[in-house]
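>>> Structure of the sequence below:
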Amino acid sequence: MIANAYKSLLNELDAGKKAVMVTIMNDKGNDRNVSPEKILLTEENLRVYTSIDKLDTLIYQKAQYALETGNIQFIKEQDTITYLIEPYFPEPRLIVLGGGHIAKPLVELGARVGFLVTVIDDRPSFANKERFPDAEKVICESFEKCFNLFHINKSAYVVIVTRGHRHDMDCLRKALKYHAAYIGMIGSKRRVKSVKEQLLSEGYSQEQLNKVNAPIGLDIGAVTPDEIAISIIAQVISYRRLANTLSGSAASPKINWPELDRTVLEELSKGENDPKAVVTVASTKGSVPRKAGAKMLVWPYGKTLGSIGGGCSEGEIIHIARDVIRDGGHRVHSIDMTGEVAEEEGMVCGGVMEVLIESCDK
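Below you'll find the predicted structure:
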């Protein structure tokens with residue numbers, strides 16, 4: 001079932017792992033009206049080539065490339081089979097240890113640029129939803145015990161901005177035990193040097209300490225809490241978007257962070273037997289409102305979930321989706337946002353989107 005594939009996908013993402021969903025569509029004759037098939041490939045599947053049903057070596061290699069780069073692959077094999085290969089990366093999580101004056105603007109900025117934010121402080125007056133309305137989670141617990149209440153993995157970005165030297169040390173000791181995408185700690189150069197010397201004496205390696213960004217943030221001369229928060233979130237973004245460059249891995253391809261709409265994936269994982277269509281931006285060229293991978297669900301009675309950009313182009317796709325729901329199978333439709341027609345329709349973009357519409361009734 002399609003629902004099982006999306007349940008498994010969400011499980012991988014929640015574990016902080018990447019995955020690739022391969023959609024196989026038969027383009028021959030009446031087979032076009034058969035619902036596409038989904039195959040989920042995990043990071044473990046893609047590490048070493050193994051024989052997987054219905055996937056030849058080329059498709060397997062394309063899936064590996066999608067996982068490495070975050071770039072969706074849309075492959076048409078001479079009017080016989082079409083493959084949509086979608087990479088999925090776990091949502092980036094910003095873990096803010098400390099709920100003080102820097103944390104407040106930092107949480108707001110982090111949520112605004114797409115991070116799921118967790119704030120931890122041991123003071124009820126600082127660790128509450130009223131103070132941090134943009135945070136996904138606000139945890140009131142001691143810094144010694146709080147690490148059991150959230151997950152730190154390769155998609156987590158840890159910021160240590162507690163109210164005191166001892167708490168910073170406690171948090172750093174624990175954070176270094178995990179493989180986070182980023183660890184940063186506030187403090188002056190003198191204080192940071194003292195912390196690193198102490199941890200070296202405790203047995204932490206120089207390699208571990210070299211991964212800590214301290215003093216935290218980009219050097220922009222920040223002084224106020226808002227400015228310091230901007231410098232921190234800018235550094236965190238650079239680690240998210242420029243991971244290969246920062247690690248010195250020139251051989252690795254540039255990573256694109258693919259679109260992910262969790263509400264759409266959760267709806268697809270429910271397995272409810274109600275007819276609907278899944279709309280996916282399969283490829284783009286030029287200036288378009290959404291990147292490849294953006295998704296939308298369409299029901300026959302007009303309800304929609306998610307978006308591929310809005311406007312008249314989306315209205316056209318909704319109309320086609322209703323036909324696909326009625327007839328089954330899939331369609332590929334091109335939305336041209338260039339030229340006089342687009343201008344007359346008021347489109348501000350100037351590119352082309354290739355959109356896949358597939359039936360999904362279970």
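
>>> Every contact and neighbour count from this point should use C-alpha atoms.
Will do.

>>> so where's this structure shaky on pLDDT?
29-33, 49-54, 243-254, 312, 339-349, 361-362 (pLDDT under 70).

>>> Please report how far the most centrally placed residue in it lies from residue 262.
Note on the chain: the residue nearest the mean C-alpha position is residue 91, at 3.7 Å, using C-alpha atoms, centre = their mean. According to C-alpha to C-alpha, to the nearest Å, residue 91 stands 9 Å off from residue 262.

>>> Name all residues that make contact with the residue nearest to the centre of the chain.
13, 115-116, 155, 260 (C-alpha atoms under 8 Å, 6 or more residues apart in numbering).

>>> That one should be in a helix, yeah?
No - read with DSSP: H, G, I helix; E, B strand; the rest coil, residue 91 is coil and lies in no helix.

>>> and the contacts of residue 91 as a markdown table, adding distance to residue 205 and secondary structure?
What follows is the contacts of residue 91, written out as a markdown table (distance: C-alpha to C-alpha, whole Å; DSSP: H, G, I helix; E, B strand; the rest coil):
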| residue | distance to residue 205 | secondary structure |
| --- | --- | --- |
| 13 | 30 | helix |
| 115 | 30 | coil |
| 116 | 30 | strand |
| 155 | 23 | coil |
| 260 | 36 | coil |
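
>>> Most neighbours among these, which one?
In terms of neighbours by other C-alpha atoms under 10 Å, these top out with residue 155 at 23 neighbours.

>>> Okay, it and residue 194: tell me how far apart.
Residue 155 is 29 Å from residue 194, by C-alpha to C-alpha.

>>> what's the answer for residue 334, then?
Residue 334 is 60 Å from residue 194, by C-alpha to C-alpha.

>>> ok, these two, which is more surrounded?
Neighbours around residue 334 and residue 194, counted as other C-alpha under 10 Å, are more numerous at residue 334. The numbers are 16 against 12.

>>> looking at this, the more buried one is in a strand?
Yes - counting by three-state DSSP, residue 334 is part of a strand.

>>> mind checking how far residue 309 is from residue 84?
Taking C-alpha to C-alpha, one finds residue 309 at 20 Å from residue 84.

>>> Hmm, I typed the wrong one, I wanted residue 27.
Residue 27 sits 13 Å away from residue 84, going by C-alpha to C-alpha.

>>> can you give me the helices in the stretch 1-150 of the chain?
If you assign secondary structure with DSSP state H, counting those that start in this stretch, the helices in the stretch 1-150 of the chain sit at 2-14, 43-47, 57-69, 103-112.

>>> Apart from its neighbours in sequence, what residue is nearest residue 67?
residue 87 (5.5 Å; C-alpha to C-alpha, 6 or more residues apart in numbering).
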